[in-house]
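Asker: next input, structure requested:
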Amino acid sequence: LDFQTREEAKVSPLARSIFRLRGVEGVFLGPDFLSVTLSDENLWPEIQAEVFSSINEFYDEGKPVIEDMSAAKLNDAGTTILDTDDSTVILIKDLLESRIRPTVQEDGGDIAYRGFDNGIVKVELRGSCVGCPSSSVTLKNGVQNMLMHYVPEVMGVEEVSKDEGGDSQVGVKNGNGGQEGEGFAVDKNQVERLKDLGF
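Answerer: Prediction:
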């Protein structure tokens with residue numbers, strides 16, 4: 001569950017509690033982790049204890065993660081195989097679910113499938129991946145390279161925002177290493193780490 005506003009967080013007692021802290025701009029609840037996005041990373045030392053306290057109080061009180069499931073906008077990863085999916089899309093979704101998402105989740109983020117069109121896989125980055133300078137490295141050297149290796153029809157990966165719902169381009173990393181759209185910083189240490197992880 002990806003809460004990027006206080007309004008979205010109102011269905012989750014835990015996310016609401018964390019959003020009350022100074023500088024919190026997002027809370028991502030993964031399957032066995034949570035990520036907090038701050039307006040300024042330098043705030044973390046100041047609010048870290050408060051975040052941990054909020055988490056401990058939440059568990060001590062025994063509240064549900066989501067109070068009203070019907071009001072929650074569940075952030076589907078888009079990797080469920082549908083009857084309408086062709087063999088290429090099935091393979092893309094399988095790779096995302098079995099190989100790529102677990103690796104991204106190890107760093108507090110997530111990635112969701114949002115479409116495949118004209119050789120371009122559309123994905124949404126979530127959690128700690130949102131706004132991270134290394135996300136372009138993850139997309140290019142991790143996601144794109146793996147998908148292009150196993151699925152010859154894939155020519156690139158495009159990041160789309162949550163609000164765009166997979167319809168609009170944010171940045172395209174094309175097969176020849178070029179880039180269109182917004183500029184991205186590349187962290188060479190992250191490249192080496194991804195190589196070590198097998199991407």
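Asker: alpha carbons only for contacts and neighbour counts from here, please
Answerer: Fine.
Asker: against Leu43, how distant is the residue nearest the centre of the chain?
Answerer: Centroid check for the chain by CA atoms, centre = their mean gives Arg126 as the closest residue, at 2.3 Å. As defined by CA to CA, to the nearest Å, Arg126 lies at a distance of 21 Å from Leu43.
Asker: over to the residue nearest to Phe33 when sequence neighbours are not counted: give its phi and psi.
Answerer: Nearest residue to Phe33, sequence neighbours excluded (CA to CA, 6 or more residues apart in numbering): Gly108, at 6.8 Å. Per-residue torsions, Gly108: phi 80, psi 10 (degrees, to the nearest 10).
Asker: for Gly108, give its distance to Ser12.
Answerer: Look at Gly108 and Ser12: by CA to CA, they are 19 Å apart.
Asker: ok, Leu1 next?
Answerer: Per CA to CA, Leu1 is found 10 Å from Ser12.
Asker: and the two? Which one has more around it.
Answerer: Ranked by neighbour count (other CA atoms under 10 Å), Leu1 and Ser12 place Leu1 first, with 23 against 20.
Asker: low-confidence regions, this structure specifically.
Answerer: 68-75, 128-139, 162-199 (pLDDT under 70).
Asker: which elements pack onto the longest helix along it?
Answerer: Secondary structure of the chain read by DSSP state H shows that its longest helix is helix 44-61. In terms of contacts (3 or more CA pairs under 8 Å, 6 or more residues apart in numbering; DSSP states H and E), helix 44-61 is packed against helix 13-19.
Asker: show me what contacts the residue nearest to Ile111 when sequence neighbours are not counted?
Answerer: In space, and not counting its chain neighbours, Ile111 is closest to Leu125: 4.7 Å by CA to CA, 6+ apart. Contact analysis of Leu125 by CA atoms under 8 Å, 6 or more residues apart in numbering lists 109-112, 159-161.
Asker: partners of the helix or strand that contains Leu125, with directions?
Answerer: Taking DSSP states H and E as the criterion, Leu125 maps to strand 120-127. The pairing partners recorded for strand 120-127 under DSSP bridges are strand 109-117 (antiparallel), strand 156-159 (parallel).
Asker: out of those, nearest to Gly62?
Answerer: Using CA to CA as the measure, strand 109-117 is the one of the strands paired with strand 120-127 that comes nearest Gly62, at 25.4 Å.
Asker: I'd like the distance from that closest one to the chain centre, please.
Answerer: Relative to its chain's centre, strand 109-117 lies at 9 Å (CA atoms, centre = their mean, to the nearest Å).
Asker: do the same with stretch 84-99
Answerer: 17 Å.
Asker: which residues sit against it?
Answerer: Contacts for stretch 84-99 (CA under 8 Å, 6+ apart): 78-81, 111, 113, 116, 147, 151, 153.
Asker: CA-only coordinates of that stretch, as PDB, when you get a sec.
Answerer: Below are the C-alpha coordinates for stretch 84-99, written out as PDB (Å, rounded to 0.1, in the frame of the first residue of the first chain):
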ATOM      1  CA  THR A  84      -6.200 -11.600 -22.100                       C
ATOM      2  CA  ASP A  85      -2.400 -11.600 -21.600                       C
ATOM      3  CA  ASP A  86      -0.300 -12.800 -24.500                       C
ATOM      4  CA  SER A  87       2.800 -15.000 -24.000                       C
ATOM      5  CA  THR A  88       5.100 -11.900 -24.000                       C
ATOM      6  CA  VAL A  89       3.100 -10.100 -21.300                       C
ATOM      7  CA  ILE A  90       2.900 -13.300 -19.200                       C
ATOM      8  CA  LEU A  91       6.700 -13.700 -19.300                       C
ATOM      9  CA  ILE A  92       7.200 -10.000 -18.400                       C
ATOM     10  CA  LYS A  93       4.800 -10.300 -15.400                       C
ATOM     11  CA  ASP A  94       6.400 -13.500 -14.300                       C
ATOM     12  CA  LEU A  95       9.900 -12.000 -14.300                       C
ATOM     13  CA  LEU A  96       8.600  -8.900 -12.500                       C
ATOM     14  CA  GLU A  97       6.900 -11.000  -9.800                       C
ATOM     15  CA  SER A  98       9.500 -13.700  -9.300                       C
ATOM     16  CA  ARG A  99      12.800 -12.000  -9.900                       C
END
